[in-house]
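Visitor: A predicted structure for the sequence below; I have some questions about it.
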Amino acid sequence: MYKVLHIVKGLGLGGTEKVMQLMVLGLRNSPFKPAVLSLEDGERAALLRDGGVEVTISQNLFECIVERQPDIVHVHRAGWPEPKLLRPLSAARLQVKRQKGLPFPIVETNVFGRHDPSPEARNLAATLFVSHFCARRFSRQHGISLTAPRWQVLYNPIDFTTIAERTTPPAQRDYSRPLVGRVSRPDPGKWSELALSWLPRVCSRIPDFRYKIIGGIAPAEQFVREHHLEQYVEFLPPFVRDAELADFLNGLSVFAHANDTGESFGLVIAEAMAAGLPVVTHPAAGQRDNAQLELVEHGKTGIVAGNTEEYAAALLWLLQHPQEARRMGEAGREKAGREFDQAVIATKLSKIYEELLAEQNQ
């Protein structure tokens, strides 16, 4: 049994922390025993401990890493230089090498596909991009040829089993119900004008339309009040557990995604697809993240809209063509199970670890 230490800056409800949690829990039946080290505490600490994972909260990364003598360290970070993480990690790697004779491989999940030219980054044995979009952009911008095992793509995992078990299969779902939903953190950076600008058009066409929003922000609530749309919109608090998320998604017919900064992966999109929902999204401008277009295949797993008129038309069309919505929901669920399922990602991650250890021992 090999010891793998996953390192994050915090254990809150963000996507980076959730991905780490799902990776760690997915490894429990593998040859790798995972533990978690975080600079800051948060809600996910209890979820990890409930799953039997050791969690340590400490600002002293060096001491904790040396004490645990891991066989592999896996750090989850944005990708740009982060001395607070990599400097003590690099120092601990050198210390463990002195003690054990071999330095542990360092794996990073590069959340935003950014470049780190710092000396500490040279100690990375593998960089895992969370989408092919991020990998291609990175290679193009920095002129780096991406070859394994140093550079690889590993999609973020989702709890496909929980979501699929708690949601109605597409063949049995009523996609004509005028229920649309959105999920994000209550962060203005996760929003776009397209999250709301279509509302008056759709509400005027469908009197019993309902829009359920997880992670609302003050400007969104103000928009709803100013346009007198309170009867159509419900703002709900965020969920901690995937069972609650699955129950929420099960009440919808279509999932609405809109984020001007785009997605380096798009965790909530993948989860909506696992629930059998067609997804409406939009491109992000310029060099911003656009992995949402990698997940949502236009006309197959959802619809990509370019402006308010197209977004409203997409939602209306899906609600008025339930058979087409079902077809997209089925395709999305199949893709989510094939490519994003926690067990699938855990198997791929274990293989990456095994290859790195084998290379180190040559």
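Guide: The structure has been received and is ready for your questions.

Visitor: so where do the helices sit in the stretch 101-250 of the chain?
Guide: Ranges of helices in the stretch 101-250 of the chain, per DSSP state H, counting those that start in this stretch, are 132-142, 160-165, 199-205, 218-226, 242-250.

Visitor: would you map out the domains in the chain?
Guide: 2-157+342-360, 160-339 (automatic domain parsing).

Visitor: make CSV from those and add mean pLDDT to it.
Guide: Formatted as CSV, the domains of the chain follow (pLDDT from 0 to 100):
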stretch, mean pLDDT
domain 2-157+342-360, 96
domain 160-339, 97
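
Visitor: tabulate the ones you listed (JSON lines), appending mean neighbour count.
Guide: Where you see a C-beta, it was placed from the backbone N, CA and C, and this is true even at glycine. Shown next, in JSON lines, are these (neighbours: other Cβ atoms under 10 Å):
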{"stretch": "domain 2-157+342-360", "mean neighbour count": "18"}
{"stretch": "domain 160-339", "mean neighbour count": "19"}
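
Visitor: close enough to count as contact, Pro31 and Tyr2?
Guide: Yes: counting by Cβ atoms under 8 Å, Tyr2 is a contact partner of Pro31 at 6.0 Å.

Visitor: ok, which of the helices of the stretch 101-250 of the chain comes nearest Ile57?
Guide: When those are compared by Cβ to Cβ, helix 242-250 sits nearest Ile57, at 23.0 Å.

Visitor: what pLDDT is listed against Gln362?
Guide: Looking at Gln362, its pLDDT reads 68.

Visitor: got the phi/psi numbers for the closest residue to Pro178 other than its chain neighbours?
Guide: Excluding the flanking residues, the one nearest Pro178 by Cβ to Cβ, 6 or more residues apart in numbering is Phe209, at 4.4 Å. Main-chain dihedrals, Phe209, degrees, to the nearest 10: phi -70, psi 140.

Visitor: wait, Phe209 touches Trp198, no?
Guide: No: applying Cβ under 8 Å, one finds Phe209 not in contact with Trp198, separated by 10.9 Å.

Visitor: only C-alpha atoms, please: export stretch 10-25 in CSV.
Guide: Output in CSV follows, covering the C-alpha atoms of stretch 10-25 (Å, rounded to 0.1, in the frame of the first residue of the first chain):
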residue,chain,number,x,y,z
GLY,A,10,-8.5,25.1,1.9
LEU,A,11,-11.4,22.7,2.4
GLY,A,12,-14.3,24.9,1.5
LEU,A,13,-17.2,24.3,-0.9
GLY,A,14,-15.3,25.3,-4.1
GLY,A,15,-14.8,23.1,-7.1
THR,A,16,-11.1,22.6,-6.5
GLU,A,17,-11.8,21.2,-3.1
LYS,A,18,-14.7,19.1,-4.3
VAL,A,19,-12.5,17.5,-7.0
MET,A,20,-9.8,16.7,-4.5
GLN,A,21,-12.4,15.1,-2.2
LEU,A,22,-13.8,12.9,-5.0
MET,A,23,-10.3,11.9,-6.1
VAL,A,24,-9.3,10.9,-2.6
LEU,A,25,-12.5,9.0,-1.8
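
Visitor: start at 13 instead
Guide: Fine by me, first position is 13 from now on; the one you just mentioned is stretch 22-37.

Visitor: got a list of contacts for that stretch?
Guide: Applying Cβ atoms under 8 Å, 6 or more residues apart in numbering, the external contacts of stretch 22-37 come out as 18, 20, 46, 48, 50-57, 59-60, 63, 65, 67, 69, 86, 88-89, 121, 123, 142, 168-171, 197, 250, 252, 277, 279, 354, 357-358, 361.

Visitor: now, which of these lie within helices?
Guide: In this view, the contacts of stretch 22-37 that belong to helices under DSSP state H are 56-57, 59-60, 279, 354, 357-358, 361.

Visitor: so what's the nearest residue to Glu246 once chain neighbours are set aside bridging to?
Guide: Closest residue to Glu246 apart from its sequence neighbours, by Cβ to Cβ, 6+ apart: Lys224 at 5.0 Å. Beta bridges link Lys224 to Gly193, Glu246 when assigned by DSSP bridges.

Visitor: from the ones in helices among the contacts of stretch 22-37, which single one is nearest Leu158?
Guide: Closest approach to Leu158 among the ones in helices among the contacts of stretch 22-37 (Cβ to Cβ): Leu361, at 17.9 Å.

Visitor: dump the residue contacts of the closest one.
Guide: So Leu361 contacts 35, 38-39, 166 (Cβ under 8 Å, 6+ apart).

Visitor: which two among those residues are spaced furthest apart?
Guide: Leu39 and Leu166, at 13.0 Å, using Cβ to Cβ across the contacts of Leu361.

Visitor: distance from the chain centre to stretch 308-326, please.
Guide: In terms of Cα atoms, centre = their mean, to the nearest Å, the centre of stretch 308-326 is found 21 Å from the chain centre.

Visitor: one more: stretch 32-47?
Guide: In terms of Cα atoms, centre = their mean, the centre of stretch 32-47 is set 17 Å apart from its chain centre.

Visitor: do a quick rundown of the strands in the stretch 63-212 of the chain.
Guide: 66-69, 84-89, 118-122, 136-141, 163-165, 191-195 (DSSP state E, counting those that start in this stretch).
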